[in-house]
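1. predicted structure and sequence below. I'll ask about it afterward.
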Amino acid sequence: MIYKKSPEELVIMRKAGVMVSDTLLRLQEALRPGVTTRHLDAIAESAIVSSGGKPSFKGYKGFPGSICSSPNNVIVHGIPSDHVLQEGDVVSLDVGAFYQGLHADSAWTFPVGAISDDAERLLEAGERSLDAAIEQCYPGRRLGDVGHAVEQVAIQAGFSVVREYVGHGVGRALHEDPQIPNYGPPGRREILGAGMTLAIEPMINAGGAATKALDDGWTVVTADGGLSAHFEHTVAITEEGHEVLTRRDSS
């Protein structure tokens, strides 16, 4: 069942969205070679809690971190640890905030120092695929239009789209209906309507689309070891179009 949010709920989700976007900006400022993903996790938890929220991910189905930190070939759900980020790495940081009964969720893939031209192209394509998906978020459009937009940008740039992991509704729960694949034909699936709140999150790989889950029960990596990029915003469908609730001012 798709839960459409009331105007009052959207006010709260906007505040949760600001917590998320501010936290990602703090993480970006702290990101440099030599930093551990555990240190980034501590920064994020402090930022969210000091703003009056709670990290959405901490304890979710037993997840141990406040954020997901996914370097290089890790697609999603990387567990913060003593892993030291190196010059030339890329790292996806996924942040969720729970505030007054509602969640907002966003992710961004950042360079660590100077990165290769190939890695830069991957990140640019990931961000453009998210923008293209959001441009489809208008009342009357369909979820298939959103996924198709992601797929077209990624494929035209020479990258593959992860198929096993998808976007989702978000708000009263961290994961709500509907599921939002980043692929598929346009003009299919559910019709978008005002009050829907969606976590749109392209995951694209430099190599093949195949994935592999690690033994920790969370971490998902590319099967071929290639780089992956993950970009996500929480988007509300409005009467006139859409509103990005986790907009990053510096993006």
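-> That came through fine.

2. residue boundaries of the helices in the stretch 151-251 of the chain?
-> With DSSP state H, counting those that start in this stretch, there are no helices along the stretch 151-251 of the chain.

3. what ranges do the strands span in it?
-> 160-161, 167-169, 176-180, 197-200, 203-205, 211-213, 220-222, 228-230, 233-237, 242-244 (DSSP state E, counting those that start in this stretch).

4. just the stretch 1-150 of the chain next, same as before
-> According to DSSP E, counting those that start in this stretch, the strands that the stretch 1-150 of the chain contains are 54-55, 67-71, 74-76, 90-99, 102-111.

5. ok now the lengthiest helix in the chain, how far from the chain's centre?
-> Longest helix in the chain by number of residues, with DSSP state H as the criterion: helix 7-30. From the chain centre to the centre of helix 7-30 is a distance of 13 Å (C-alpha atoms, centre = their mean, to the nearest Å).

6. buried stuff in that helix?
-> Residues of helix 7-30 classed as buried under the neighbour-count rule (16 or more other C-beta atoms under 10 Å) are 9-10, 12-28. Bear in mind the C-beta positions are built from the backbone N, C-alpha and C, glycine included.

7. and the contacts of it?
-> Identification of contacts with helix 7-30 by C-beta atoms under 8 Å, 6 or more residues apart in numbering yields 5, 39-40, 43-44, 47-48, 51-53, 67, 93, 95-106, 108, 110, 171-172, 195, 197, 234, 236, 243, 245-250.

8. buried only: go through those for me.
-> So, by 16+ other C-beta under 10 Å, the buried ones in the contacts of helix 7-30 are 5, 39-40, 43-44, 47-48, 51, 53, 67, 93, 95-99, 102-106, 108, 110, 171, 195, 197, 234, 236, 243, 245-246.

9. for residue 138, give its distance to residue 88.
-> To residue 88, residue 138 is 39 Å away according to C-beta to C-beta, to the nearest Å.

10. likewise for residue 162?
-> Separation of residue 162 from residue 88 (C-beta to C-beta): 23 Å.

11. same deal with residue 210?
-> Going from residue 210 to residue 88 by C-beta to C-beta gives 24 Å.

12. try residue 63
-> For residue 63 relative to residue 88 (C-beta to C-beta), the value is 28 Å.

13. which one's more surrounded, these two?
-> residue 63 (17 against 14; other C-beta atoms under 10 Å).

14. give me the neighbour count for the closest residue in space to the more buried one that isn't next to it in sequence.
-> If the residues on either side of it in the chain are set aside, residue 63 comes closest to residue 57, at 5.3 Å by C-beta to C-beta, 6 or more residues apart in numbering. The criterion is other C-beta under 10 Å. On that basis, residue 57 has 25 neighbouring residues.

15. from residue 119, how far out is residue 57?
-> For residue 57 relative to residue 119 (C-beta to C-beta), the value is 25 Å.

16. what do you get for residue 107?
-> Relative to residue 119, residue 107 is positioned 17 Å away (criterion: C-beta to C-beta).

17. related to what we said a few turns ago, quick one: closest of the strands of the stretch 151-251 of the chain to residue 79.
-> Comparison of the strands of the stretch 151-251 of the chain against residue 79 by C-beta to C-beta identifies strand 220-222 as nearest, at 11.2 Å.
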